[in-house]
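[1] kindly generate the corresponding structure for this input.
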Amino acid sequence: MIAGLLSLLIITSIILFAFREGIEFYKSPSQLIAEDLDKNLKLRVGGLVKEETHIMNGIENEFIITDNKNEVKVIYIGVLPDLFAEGRGVIVKGRFNGKLFAADEVLAKHDEKYMPRELQKTLDKDPNYQK
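    Coordinates of the predicted model:
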């Protein structure tokens, strides 16, 4: 029984070690700031895009995400998703160097009231539709 448990422990350790590069930890801005993290660790950070902080210069984007307690400045080079907007939820994937979060990917979140743009345009033309 001890040999079986030891084997299971060793196999689990090997699997976790092999996949550690692919594991992404989810953090809030407060958790990110509070912890001393490895700069090469892949992370996902979620929060709200702070109002009046989005600066776009071509495809280079700079904005701040917050959990209403702490804030993290994010740099992202690429095209932002259509649902990205200030005051809305967002998840960014990338690396944190202690002061700045370098995002590789930005995922915009929507609430339960989300409706595709095409459907919204169609419904807006209907005089019986109530918002």
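[2] in the longest helix seen in the chain, what's buried?
    Scanning the chain for the longest helix, with DSSP state H as the assignment, gives helix 2-19. The neighbour-count check on helix 2-19 (16 or more other Cβ atoms under 10 Å) flags nothing as buried. In this view, the C-beta of every residue, glycine as well, is placed from N, C-alpha and C.
[3] with stretch 98-111 instead?
    Neighbour count says stretch 98-111 has 101, 103, 106 buried, by 16+ other Cβ under 10 Å.
[4] measure the second one to residue 50 for me?
    What it means is residue 103. 15 Å (Cβ to Cβ, to the nearest Å).
[5] rewinding a little: rounded mean pLDDT for the longest helix of the chain, please.
    For helix 2-19, mean pLDDT rounds to 89.
[6] which neighbours in the sheet does the very next helix or strand once past that helix have, and how are they oriented?
    For helix 2-19, the following helix or strand on the C-terminal side (DSSP states H and E) is strand 25-27. Strand 25-27 sits in its sheet next to strand 43-49 (parallel), going by DSSP bridges.
[7] how about the CA coordinates for the partner strand, as CSV?
    Below are the C-alpha coordinates for strand 43-49, written out as CSV (Å, rounded to 0.1, in the frame of the first residue of the first chain):
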residue,chain,number,x,y,z
LEU,A,43,-1.0,34.5,-15.4
ARG,A,44,-4.5,35.4,-16.0
VAL,A,45,-5.7,38.6,-14.3
GLY,A,46,-9.3,39.7,-14.2
GLY,A,47,-11.0,42.9,-13.2
LEU,A,48,-12.8,45.9,-14.6
VAL,A,49,-11.2,48.3,-17.1
